[in-house]
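Engineer: output the structure for:
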Amino acid sequence: MAEFRSEAESYFRGLRDRIVARLGELDGGAFVRTHWQREEGGGGEMSAIRGALFEKGGCNFSAVTGPRYPSVPGASTAQAEGSTGAQPKSSDAATPRPERSAADRARDDAALGVIPPRPEELAGKPFFATGVSLVIHPKNPFVPVVHMNVRYLEVGELGWFGGGMDLTPCKPFAEDTAHFHATCQRALDKHSPALYPRFTEWAKDYFYIPHRKSERGVGGIFFDYLQGTPLHANDRRAAFSLVQSAGDAFLDAYAPIVEKRRDTPYTAADREEQLRWRGRYVEFNLVYDRGTIFGLKTGGNVEAIFMSLPPLVSW
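Structural biologist: Purely as a prediction, here's the structure:
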C-alpha cells in the first residue's frame with residue numbers, strides 16, 4: 001500500500017499548490033505556508049491568507065499516521081457515520097423523498113462504491129490519512145464562503161476516500177448556485193450519472209444544522225467510505241480517479257463566482273448581517289463537523305484544524 005499512499009499524497013499536495021496559486025492570484029496576495037509535525041507520525045503544511053478579497057482563508061495539506069484508529073464521537077458504528085439516508089432538512093421537505101430501509105440504503109450505496117467498514121474492521125488498527133482541506137471567508141458579503149475537502153484514509157488493510165465541497169453564501173444568487181452544482185455534477189458524471197444525485201443528497205443531510213433547523217448553505221456534494229465506483233466495485237484506483245475529478249473541479253466551480261461578485265458594492269448593514277450569519281458556520285464546524293472532530297481526536301495541528309473559523313463573527 002505504500003506506493004498507493006505516496007501517489008495519493010502527491011496528488012493532494014499538487015492540488016493544494018494549484019488552488020493556492022489561483023486563489024492568491026484572485027486576491028492579489030500570497031498564502032503563507034507553515035509546516036507542522038505530529039509527534040505520533042506525519043504532519044502537514046498550513047497555507048493561510050489574510051487578504052483584501054479573502055478576509056481569511058486556509059488550504060491545508062496533511063499526511064498523518066497512528067498506531068490506533070480513533071473512535072469518532074457521535075457515531076456508534078462506521079455505518080452511522082457514513083450513509084445516513086436521512087430525510088432532507090431543507091425547505092423542500094414538504095415533498096420528502098421516500099424513506100428507505102437501512103438494508104436498502106446499504107445496498108444502493110454499495111452499488112455506487114460506498115462501503116462503510118464494520119467497527120471490528122477498524123478497532124485497534126493502525127491508520128494513515130492524507131488530504132486537503134480548504135475554507136475561504138471572503139470580506140465582501142456577496143462573495144460566498146466555500147469549503148472543500150478531499151481525503152484518503154487507510155485503517156489496517158482497508159482504504160477509502162471521502163470529501164466534497166459546498167457553497168455557503170450570505171447573499172445567495174440562483175445562477176451562482178446552479179453553476180456550482182453543475183460543475184460538481186459534470187465532474188461526477190464522468191464516472192456515473194448515479195453519483196451526483198446521491199452525493200448532493202448526502203450534502204444536504206450532512207451540512208444541516210439541527211438546532212437551527214436549516215442547511216448551512218446551498219449545498220454541493222459530500223461522500224465518504226468510497227472504495228470503488230459504480231462501474232468498478234471495490235477498486236481503490238477507480239475511487240481515486242473519481243476523487244481526482246472532484247478535486248480538480250473545485251477551481252472551476254468557485255473562481256468564476258468570485259470574479260463575478262468580488263466588486264459588488266455592499267453597505268455596513270450588509271457587513272453586520274454577514275458577521276451574524278457567520279455564526280452559523282462556526283456552530284456547525286464546532287459541534288457537528290466530523291473533520292474537526294477527527295483532527296482533534298488524532299492529535300492534529302489545532303491551528304490548522306480551526307483555520308475553518310472566520311476572523312470576525314457575531315451572534
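
Engineer: quick one: the strands in the stretch 201-315 of the chain?
Structural biologist: Counting by DSSP state E, counting those that start in this stretch, the stretch 201-315 of the chain has strands at residues 208-209, 214-215, 220-226.

Engineer: would TSV of the ones you listed with mean neighbour count be doable?
Structural biologist: Where you see a C-beta, it was placed from the backbone N, CA and C, and this is true even at glycine. As requested, the strands of the stretch 201-315 of the chain are exported to TSV (neighbours: other C-beta atoms under 10 Å):
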stretch	mean neighbour count
strand 208-209	18
strand 214-215	18
strand 220-226	25
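
Engineer: helix or strand with the lowest mean pLDDT in the chain?
Structural biologist: The least trusted helix or strand in the chain, going by mean pLDDT, DSSP states H and E, turns out to be helix 78-81, with a mean of 37.

Engineer: beyond that helix, next helix or strand please.
Structural biologist: Next in sequence after helix 78-81, counting helices and strands by DSSP states H and E, comes helix 102-112.

Engineer: quick revisit: just put the strands of the stretch 201-315 of the chain in CSV and tack on distance to C184.
Structural biologist: Putting the strands of the stretch 201-315 of the chain into CSV (distance: least, C-beta to C-beta, whole Å) gives the following:
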stretch, distance to C184
strand 208-209, 18
strand 214-215, 16
strand 220-226, 5
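
Engineer: G247: which of those is closest?
Structural biologist: strand 220-226 (11.5 Å; C-beta to C-beta).

Engineer: and that closest one, what does it pack onto?
Structural biologist: strand 158-168, helix 174-189, helix 195-206, helix 236-248 (3 or more C-beta pairs under 8 Å, 6 or more residues apart in numbering; DSSP states H and E).

Engineer: in the third one, what's buried?
Structural biologist: Buried residues in helix 195-206, counting neighbours by 16 or more other C-beta atoms under 10 Å, are found at 195-196, 198-206.

Engineer: could I get those residues as TSV with distance to G42?
Structural biologist: Formatted as TSV, the buried residues of helix 195-206 follow (distance: C-beta to C-beta, whole Å):
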residue	distance to G42
L195	30
Y196	33
R198	31
F199	28
T200	32
E201	33
W202	28
A203	28
K204	33
D205	31
Y206	26
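
Engineer: of those, closest to L296?
Structural biologist: Using C-beta to C-beta, those come closest to L296 at Y206, 18.4 Å.

Engineer: give the bridge partners for the residue nearest to the closest one when sequence neighbours are not counted, please.
Structural biologist: Closest residue to Y206 apart from its sequence neighbours, by C-beta to C-beta, 6 or more residues apart in numbering: F222 at 4.7 Å. Per DSSP bridges, the residues bridged to F222 are G164.

Engineer: rewinding a little: out of the helices and strands packed on strand 220-226, deepest packed?
Structural biologist: strand 158-168 (a mean of 23; mean count of other C-beta atoms under 10 Å).

Engineer: on that earlier part again, closest one to S10 among the helices and strands packed on strand 220-226?
Structural biologist: Closest to S10 of those, according to C-beta to C-beta: helix 236-248, at 11.4 Å.

Engineer: for the closest one, what is the distance to the chain centroid?
Structural biologist: Here helix 236-248 is found 14 Å from its chain centre; the criterion is C-alpha atoms, centre = their mean, to the nearest Å.

Engineer: outside of that helix itself, list whatever touches it.
Structural biologist: Contact with helix 236-248 is made by 4, 7-8, 11-12, 15, 113, 132, 148, 150, 152, 159-161, 163-165, 184, 187-188, 190-191, 195, 221, 226-229, 231-232, as judged by C-beta atoms under 8 Å, 6 or more residues apart in numbering.

Engineer: and what of stretch 279-295?
Structural biologist: 70, 72-74, 81, 129, 133, 145, 149, 168, 207, 209-212, 216, 300-301, 304-306, 308-310, 313-315.

Engineer: again, but for stretch 180-192
Structural biologist: Contacts with stretch 180-192, where a contact means C-beta under 8 Å, 6+ apart, come from 112, 165, 167, 195-196, 199-200, 218-221, 229-231, 238, 241-242, 245-246, 248-249, 252-254, 257.

Engineer: mind running it again at 7 Å?
Structural biologist: For stretch 180-192, the external contacting residues (C-beta atoms under 7 Å, 6 or more residues apart in numbering) are 165, 167, 195-196, 199-200, 220-221, 229-231, 242, 245-246, 249, 252-253, 257.

Engineer: stretch 308-315 too?
Structural biologist: Against stretch 308-315 from outside (C-beta under 7 Å, 6+ apart): 55-56, 135, 137, 275-276, 278-279, 281-282, 285.

Engineer: using CSV, list the CA coordinates for that stretch.
Structural biologist: In CSV, the C-alpha atoms belonging to stretch 308-315 read as follows (Å, rounded to 0.1, in the frame of the first residue of the first chain):
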residue,chain,number,x,y,z
SER,A,308,-12.1,27.0,9.1
LEU,A,309,-13.4,29.6,11.6
PRO,A,310,-14.0,33.1,10.3
PRO,A,311,-11.8,36.0,11.6
LEU,A,312,-14.8,38.1,12.7
VAL,A,313,-18.2,36.9,13.8
SER,A,314,-21.2,37.9,15.9
TRP,A,315,-24.3,36.4,17.3
